[in-house]
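Enquirer: Just need the structure, nothing else, for what follows:
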Amino acid sequence: MVHLIKIHDYVSRYENDIHRYPNQFTRLKREKWEKMKKNWQQANAGGNVEEDWFEDTSPKFFRQPFQRLKKSNKEKKSGRVVTEEPDQVYANKTIEQLKKMFHYDVFQTQLNWASSSLFGESYLESKYRFDTRLRQLIQDIPDNFLLLYHPVLRVQRAEVQLDVILLSPTEVYVVNFLEMENNAVVRASNERFWPVVGKYAKAQLLNPMIAQERSFSIIRSILQKEEIHPNISTLLIAPDGILMIIMHVRT
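Expert: Below is the predicted model of the structure:
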């Protein structure tokens, strides 16, 4: 699960120590899973849990994290986990239900860590707790990535909101999701507006690569100033639709 280090313009404890908190959160996540698994096994007469699902370190898992983002997350929003006795919470739950409970609990912790620090706390808008795209990113991207979710940065005395930024050990990804109805077709080109044809309506979409180019330039400028030169890639993802590339924009 990716480390969510920044949301919008909220304060974040990762700002204080980017080296300490990812490791601390990984330990916390492991301890949380071990506790939930133990309670579940006690409530269900020693149910079996496959040990390799929690931290898949296969080469495919690290090489292809973005392929999992091509499919929209269709899971229903999980309900709030209430404080009850283990037998009441975990009894008659399947292992898949246990995993969903674990992912939901970790997601809420991620949000809290990315909107508070030792010195202050931001008011977290409720929309983020029900943001299925954010939940999908956190759940599907591996632990060695850092996520900035539409971060607001100060650039030349102006505040600028960027696209989704993913930091891997060797690369930086600027990610933009094209949200549209199922099986809608968008024609991508170097024009300012892209036509979108869906089952129920036709529309136009402002070329998302305009914002991506701005995010790309800002990220590159910041990294170059710090004498850091990773590969920076831009990704357009249409989870529910079909993206037709008419002309490749980047040269």
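Enquirer: which residues in the stretch 151-251 of the chain form strands?
Expert: 152-155, 158-161, 164-167, 171-177, 185-188, 193-197, 202-206, 231-237, 242-245 (DSSP state E, counting those that start in this stretch).
Enquirer: Mind putting those into JSON lines with mean pLDDT, distance to Gly120 and mean neighbour count?
Expert: C-beta coordinates here come from the backbone N, C-alpha and C atoms, glycine included. Formatted as JSON lines, these follow (pLDDT from 0 to 100; distance: least, Cβ to Cβ, whole Å; neighbours: other Cβ atoms under 10 Å):
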{"stretch": "strand 152-155", "mean pLDDT": "88", "distance to Gly120": "16", "mean neighbour count": "14"}
{"stretch": "strand 158-161", "mean pLDDT": "90", "distance to Gly120": "18", "mean neighbour count": "10"}
{"stretch": "strand 164-167", "mean pLDDT": "93", "distance to Gly120": "23", "mean neighbour count": "20"}
{"stretch": "strand 171-177", "mean pLDDT": "91", "distance to Gly120": "28", "mean neighbour count": "19"}
{"stretch": "strand 185-188", "mean pLDDT": "82", "distance to Gly120": "41", "mean neighbour count": "18"}
{"stretch": "strand 193-197", "mean pLDDT": "83", "distance to Gly120": "41", "mean neighbour count": "16"}
{"stretch": "strand 202-206", "mean pLDDT": "81", "distance to Gly120": "35", "mean neighbour count": "12"}
{"stretch": "strand 231-237", "mean pLDDT": "88", "distance to Gly120": "31", "mean neighbour count": "15"}
{"stretch": "strand 242-245", "mean pLDDT": "68", "distance to Gly120": "41", "mean neighbour count": "13"}
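Enquirer: With respect to Thr26, which of those strands lies nearest?
Expert: Distances from Thr26 to each of the strands of the stretch 151-251 of the chain were compared using Cβ to Cβ; the minimum, 15.8 Å, belongs to strand 164-167.
Enquirer: starting at the chain centroid, how far to the closest one?
Expert: Relative to the centre of its chain, strand 164-167 is centred 9 Å away, using Cα atoms, centre = their mean, to the nearest Å.
Enquirer: Which residues does it contact?
Expert: Applying Cβ atoms under 8 Å, 6 or more residues apart in numbering, the external contacts of strand 164-167 come out as 2, 137, 141, 145-151, 172-177, 215, 219.
Enquirer: How confident was the prediction at Leu69?
Expert: The score at Leu69 is 47. That number is its pLDDT.
Enquirer: what about the longest helix in the protein?
Expert: If you go by DSSP state H, the chain has its longest helix at helix 20-43.
Enquirer: Give the buried residues for it.
Expert: Of the residues in helix 20-43, 21-22, 25, 29, 33, 36-37, 39-41, 43 count as buried by neighbour count, 16 or more other Cβ atoms under 10 Å.
Enquirer: Likewise for stretch 112-129?
Expert: If you call a residue buried by 16+ other Cβ under 10 Å, then stretch 112-129 has these buried ones: 113-117, 124, 128.
Enquirer: ditto for stretch 98-108
Expert: Neighbour-count burial for stretch 98-108 flags 98-107 (criterion: 16+ other Cβ under 10 Å).
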